[in-house]
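Asks: Give the three-dimensional model of this entry:
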Amino acid sequence: MTLDDLNNQTPEQAAHTFMQCCTSTAWVERMVSARPFISEQGLKRAADSAWQGLQEYDFLEAFEGHPKIGDVSSLRAKYANTKELAGNEQGLVKQANESVLETLAQGNTDYEEKFGFIFIVCATGKSAKQMSDLLQARLPNSKAQELVNAAEEQRKIFQLRIDKALAEG
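Replies: Purely as a prediction, here's the structure:
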């Protein structure tokens, strides 16, 4: 899709496009309202700006749009609404050995129990071992710090997905 295509979508179509990038309703509404974008850089700046100042609820809503890292089946089932642009983000996880995947799965459970939301990391280009190490490093953090960390990772993810959306077609 081109920037012109995005700018000319109906509000409903644009909401669908942005929902592929981030499932925070408030963020999507801000992005739809921010159109038209003059440049791709302007779009990306608007995306960051729309993310700033959102509330914890909005971040948690966005995090709900992600599968647990390493849970490839949930990519297909639970999170079909973001599959168009999320399809290969966990590609390197599929190459992991069983021991690493078990450690990652247990770390995800521990993380979610402690913080109340799943571990969010921009997985593109990271192996399962790297993600497991990052998860273990973040587990000792406070909930407030992890909300900041996860929100920043979500920001990286929607920026990558915006790039993917514009690269298609």
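Asks: Could I get the pLDDT score of the residue nearest to residue 56 when sequence neighbours are not counted?
Replies: With sequence-adjacent residues excluded and distances taken as CB to CB, 6 or more residues apart in numbering, residue 56 is closest to residue 147, at 6.3 Å. Heads up, the C-betas are built off the backbone N, CA and C, glycines and all. With respect to pLDDT, residue 147 has a value of 97.
Asks: Now do the SS call for residue 26.
Replies: Taken by DSSP: H, G, I helix; E, B strand; the rest coil, the conformation at residue 26 corresponds to helix.
Asks: could you say which helix or strand contains residue 162?
Replies: helix 143-167 (DSSP states H and E).
Asks: which residues are in contact with that helix?
Replies: When contacts are defined by CB atoms under 8 Å, 6 or more residues apart in numbering, helix 143-167 is touched by residues 1-3, 6, 17, 20-22, 27, 40, 43-44, 47-48, 51, 56, 59, 62-63, 66, 85-86, 89, 114-117, 119-122, 124, 138, 141.
Asks: just the buried members of those residues?
Replies: Neighbour counting by 16 or more other CB atoms under 10 Å classes 3, 6, 17, 20-22, 27, 43-44, 47, 51, 59, 62-63, 66, 85-86, 89, 115, 117, 119-122, 138 among the contacts of helix 143-167 as buried.
Asks: follow-up on the earlier one: what about the residue nearest to residue 56, how many residues close to it?
Replies: Residue 147 has 19 neighbouring residues, counting by other CB atoms under 10 Å.
Asks: And it, how close does it get to residue 62?
Replies: Distance of residue 147 to residue 62, computed by CB to CB, to the nearest Å: 11 Å.
Asks: now do residue 106
Replies: For residue 106 relative to residue 62 (CB to CB), the value is 25 Å.
Asks: now residue 123
Replies: Residue 123 sits 15 Å away from residue 62, going by CB to CB.
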